[in-house]
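S.K.: here is my input, please return the structure:
(2 chains)
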2 protein chains.
Amino acid sequence: MTIVPESHLDLLERPIYGHFGTRRPDGFIQVNPMWFLWDGSHIRLTHTTTRQKYRNIAADPHVSLSVNDPDQPYRYLELRGTVVAVEPDPAGEFFQTLARRYSLDRSGPPGDAADRVVLVIEPTAVSFQ
Amino acid sequence: MTIVPESHLDLLERPIYGHFGTRRPDGFIQVNPMWFLWDGSHIRLTHTTTRQKYRNIAADPHVSLSVNDPDQPYRYLELRGTVVAVEPDPAGEFFQTLARRYSLDRSGPPGDAADRVVLVIEPTAVSFQ
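M.R.: Next up, the predicted model:
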């Protein structure tokens, strides 16, 4: 079961960048382009424990991902939800899965693999057009 | 004077969609694709007073706009800031300026012109790659 409408599922399945919104401890909103994977029920992002977005979600787990269709920019899907798990990825395997999904021309684990984690997001609300 | 780096100014000048982040009164983060205009010092968005994003910025004026380069997705610019003014646009003139900028095939004011406003955002922090 998912709240994602069948009509917009392609936006999660195609390797489109998502724009990921978090809230900083200083109260400012932060939005950045991110790779993501949709596993049928959760959004999975690769990140590290040493960066600002990690501090943001540690302080406030509310997040949002906005994806629009590069071929029809009025078509978009937004998933709002919370980070429900942070899974270690010390060999950078999930990073490499995403690198392949987004056709990044590289191989092997990233240099910061030791700090890599998977942010697991449960969407609880959706908007789309 | 602007905090936008010269190297990434094209991302504000080209008619690329921005992903606009706000915080909802329920604490959830909201991110949506939006038209925008950069006037050299402020970001200007068209919106209406009857919609969710307006309620969001009325409760919390912190916002962020993320723009990535459709031709080189690793190139992006994020502007964080606050809504410093909400200007009435009762004839929908600014809406029509943006419609032209984004090549929307329409003419005349929008049906909801009476509720149209311009959100004026002052960026106070920037991130880019």
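
S.K.: mind listing the helices for chain A?
M.R.: Taking DSSP state H to define them, one finds helices in chain A at A:10-13, A:52-59, A:93-101.

S.K.: got those helices as a markdown table, with mean neighbour count, distance to chain B and mean pLDDT columns?
M.R.: In this view, the C-beta of every residue, glycine as well, is placed from N, C-alpha and C. Output for the helices of chain A, formatted as a markdown table (neighbours: other C-beta atoms under 10 Å in any protein chain shown; distance: least, C-beta to the nearest C-beta, whole Å; pLDDT from 0 to 100):
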| stretch | mean neighbour count | distance to chain B | mean pLDDT |
| --- | --- | --- | --- |
| helix A:10-13 | 16 | 11 | 98 |
| helix A:52-59 | 16 | 9 | 96 |
| helix A:93-101 | 17 | 12 | 96 |
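
S.K.: as TSV, these with distance to B:Val4 would be great.
M.R.: Listed next are these as TSV, based on distance: least, C-beta to C-beta, whole Å:
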stretch	distance to B:Val4
helix A:10-13	29
helix A:52-59	19
helix A:93-101	29
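
S.K.: which single residue of chain A ends up nearest chain B?
M.R.: A:His19 (3.4 Å; C-beta to the nearest C-beta).

S.K.: beta partners for that residue?
M.R.: A:Pro33, A:Ser66 (DSSP bridges).

S.K.: could you pull up the residues touching it?
M.R.: Going by C-beta atoms under 8 Å, 6 or more residues apart in numbering or on different chains, A:His19 touches A:Val31, A:Asn32, A:Pro33, A:Met34, A:Leu65, A:Ser66, A:Val67, B:His19, B:Gly21, B:Val31, B:Ser66, B:Asn68.
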